[in-house]
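Engineer: sequence and predicted structure below; questions after.
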There are 2 protein chains.
Amino acid sequence: MKKIKCVISYDGTNFKGYQIQPKKRTVQGELEQALKKIHKGTPIRIQASGRTDTGVHAKGQTIHFETDYSLSSYNWIKAMNTLLPDDIYVKEVVEASNTFHARYDVIEKEYHYFIWNEKETDVFKRNYAYQFPYHLDMKAMQKACAFFEGTHDFTTFSSAKATIMGSKVRNLFEASCRQNGKEIEFIFRGSGFLYNMVRIMVGTILDVGQGRLDPDDIPVLLEKKDRREVGLTVPPQGLYLWQVKYEDGESSES
Amino acid sequence: MKKIKCVISYDGTNFKGYQIQPKKRTVQGELEQALKKIHKGTPIRIQASGRTDTGVHAKGQTIHFETDYSLSSYNWIKAMNTLLPDDIYVKEVVEASNTFHARYDVIEKEYHYFIWNEKETDVFKRNYAYQFPYHLDMKAMQKACAFFEGTHDFTTFSSAKATIMGSKVRNLFEASCRQNGKEIEFIFRGSGFLYNMVRIMVGTILDVGQGRLDPDDIPVLLEKKDRREVGLTVPPQGLYLWQVKYEDGESSES
């Protein structure tokens, strides 16, 4: 058995999220269906670095699967992309060590979130950014971002619905935002992320950008460890799983 | 009766083109359905500057319709956008003179065509640009573009299927191309365009970019007045109806 690691991108618009579900169009479902065809009907289970929700995109999601087929990277890429729908694309295939695991071996994940900061609706952005029509104070938002960097308990900034076991302490290596014309891009890099964490952090940073919160409120809110203390979860279409990094230094950068 | 002129944008991906057709999802169909609702069931026929094919986008299509309703521009925009699906957006509404016609009064139309000049597929571009993986000589393509400017018989560069009456002479005010990173943008402005004309010109200019034709071949090809002399019609998803200009100097610029 060989272990195959793939870096894939997908446009999340027309998927009911990453994770396989009966009778729903999902990224995992499409990938497993393509691999089943390549393996002449043998079901192949894939493992991903993590799930993404309905409407969330990936520039560099990483998955792995086991196979007794021997194909070159080029031929894996070609075979998979031929069978996959055009909103999923396999960018990279490598043979990994047989201990490799796409989820458990992650050392860093990077998410980007895009705001289209403009009153006028742009039909070409509707599935790819969150349209936010109000003025935003970039300096205040940058200050707020900095407070998220480092090791914190992120309970306040994770979905109350999430019932994960264990610690909600995570380490963020980077939380930043920058403006390119009417577009605002948030970048988050960390050891791991809780459910909805990026989308709740962005919602709170937008409150800072509008002057409804002060950047200095962020450490206080982290301390409260209560989801009810902060505002809205921003919508999924602005969110991109950008890349996933593993021990071997290889990344899934796009 | 008032005559209402609207500038609209749409993402052509999920439409079977602009023109209304039974049981197909079309831009005109959606617009007329929204206007019928606003007019409490009275059918309203709209006129556009011209049709666009399946998959072709618009940043600034112009339409008009007649109504006995008196709404402010703001309220027309609001009412229509509330009822329209999220891949059509009404940007501008003005009351036009009662002789105005969105098709017959056009003095200039502008189309842009986008090439994604990269080997690697980008799932986020698949519906919005034509992926072309081979090297292109920008200088040669710019030279080729210049030969299209001016007044010519464009028979060679229009669909052989088109059975329009009258002259195939058109006047192009601008034909140009420019590179922004991996993206190549073509701009065409003219008094009018024949069916598939932009997509056939771009296909031929790409032949020049690859060295299969010389820029100096363009005037010779124009002279032949034969569609069979030139190559492929490039696909629709790279094409955008950018703006339409009218006598009054008003444009539908995005």
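Structural biologist: All right, it came through fine. Residues are numbered from 1 along each chain as shown, chains lettered A, B, ... in the order given.

Engineer: next, the buried residues of stretch A:60-75.
Structural biologist: A:Gly60, A:Gln61, A:Thr62, A:Ile63, A:His64, A:Phe65, A:Thr67, A:Tyr69, A:Leu71 (16 or more other C-beta atoms under 10 Å in any protein chain shown). Backbone N, C-alpha and C define where each C-beta goes, glycine included.

Engineer: in a markdown table: those, plus distance to B:Val230 and pLDDT.
Structural biologist: A markdown table is the format used below for the buried residues of stretch A:60-75 (distance: C-beta to C-beta, whole Å; pLDDT from 0 to 100):
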| residue | distance to B:Val230 | pLDDT |
| --- | --- | --- |
| A:Gly60 | 40 | 98 |
| A:Gln61 | 42 | 98 |
| A:Thr62 | 45 | 98 |
| A:Ile63 | 44 | 98 |
| A:His64 | 48 | 98 |
| A:Phe65 | 46 | 98 |
| A:Thr67 | 47 | 97 |
| A:Tyr69 | 44 | 96 |
| A:Leu71 | 40 | 96 |
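
Engineer: B:Pro22: which of those residues is nearest?
Structural biologist: Of all these, B:Pro22 sits closest to A:Gln61, with 41.2 Å by C-beta to C-beta.

Engineer: next SSE after the helix or strand harbouring that closest one?
Structural biologist: Counting by DSSP states H and E, the element that carries A:Gln61 is strand A:57-67. Using DSSP H and E, the next helix or strand after strand A:57-67 towards the C-terminus is helix A:73-83.

Engineer: can you give the distance from the very next helix or strand once past that next one to the centre of its chain?
Structural biologist: Per DSSP H and E, the first helix or strand lying C-terminal to helix A:73-83 is strand A:88-96. Its chain's C-alpha centre and that of strand A:88-96 lie 17 Å apart, by C-alpha atoms, centre = their mean, to the nearest Å.

Engineer: what helices and strands are in contact with strand A:88-96?
Structural biologist: Contacts defined by 3 or more C-beta pairs under 8 Å, 6 or more residues apart in numbering or on different chains; DSSP states H and E place strand A:88-96 against strand A:2-10, helix A:27-38, helix A:73-83.

Engineer: what's the angle from the longest one to helix A:73-83?
Structural biologist: In this structure, helix A:27-38 runs at an angle of 110 degrees to helix A:73-83, with axes from the mean of the first three to the mean of the last three C-alpha atoms, to 10 degrees as the basis.

Engineer: helices and strands around the next helix or strand after helix A:27-38, which ones?
Structural biologist: Sequence-wise, the next helix or strand downstream of helix A:27-38 (DSSP H and E) is strand A:47-48. Here strand A:47-48 touches strand A:57-67, going by 3+ C-beta pairs under 8 Å, 6+ apart.

Engineer: tell me the angle the strand it packs on makes with helix A:27-38.
Structural biologist: Comparing the axes of strand A:57-67 and helix A:27-38 via the same axes, to 10 degrees yields an angle of 40 degrees.

Engineer: which positions in chain A make contact with chain B?
Structural biologist: With the criterion set to C-beta under 8 Å from any C-beta of the partner chain, chain A comes near chain B through A:9-11, A:57, A:81, A:86-89, A:91, A:120-124, A:126, A:128.

Engineer: buried ones among those?
Structural biologist: Among the residues of chain A next to chain B, those classed as buried by 16+ other C-beta under 10 Å are A:9-11, A:57, A:81, A:87-89, A:91, A:121-124, A:126, A:128.

Engineer: and which of those is nearest to B:Glu95?
Structural biologist: A:Thr121 (22.4 Å).

Engineer: residues touching that closest one, list them.
Structural biologist: By C-beta atoms under 8 Å, 6 or more residues apart in numbering or on different chains, the residues touching A:Thr121 are A:Gln131, B:Asn81, B:Tyr89.

Engineer: how about A:Tyr130?
Structural biologist: Shown in contact with A:Tyr130 (C-beta under 8 Å, 6+ apart): A:Tyr113, A:Phe114, A:Ile115, A:Trp116, A:Val234, A:Pro235, A:Gln237, A:Gly238.

Engineer: and if we set it to 6 Å?
Structural biologist: A:Ile115, A:Val234, A:Pro235, A:Gly238 (C-beta atoms under 6 Å, 6 or more residues apart in numbering or on different chains).

Engineer: again, but for A:Lys119
Structural biologist: Going by C-beta under 6 Å, 6+ apart, A:Lys119 touches A:Pro133.

Engineer: A:Pro215 too?
Structural biologist: Applying C-beta under 6 Å, 6+ apart, we find A:Pro215 in contact with A:Ala140, A:Lys143, A:Ala144, A:Val208.

Engineer: repeat for A:Asp214
Structural biologist: A:Asp214 makes contact with no residue, according to C-beta under 6 Å, 6+ apart.

Engineer: checking it next. Helix, strand or coil?
Structural biologist: coil (DSSP: H, G, I helix; E, B strand; the rest coil).

Engineer: A:Ala102 contacts A:Ser49, correct?
Structural biologist: Yes: under the criterion of C-beta atoms under 6 Å, A:Ala102 makes contact with A:Ser49 at 5.1 Å.

Engineer: so which of those two has more stuff around it?
Structural biologist: The neighbour comparison of A:Ala102 against A:Ser49 (other C-beta atoms under 10 Å in any protein chain shown) goes to A:Ser49, with 27 against 23.

Engineer: can you pick out the most distant pair from the buried ones among the residues of chain A next to chain B?
Structural biologist: Every pair in these was compared (C-beta to C-beta); the two farthest apart turn out to be A:Asn81 and A:Thr121, at 33.2 Å.
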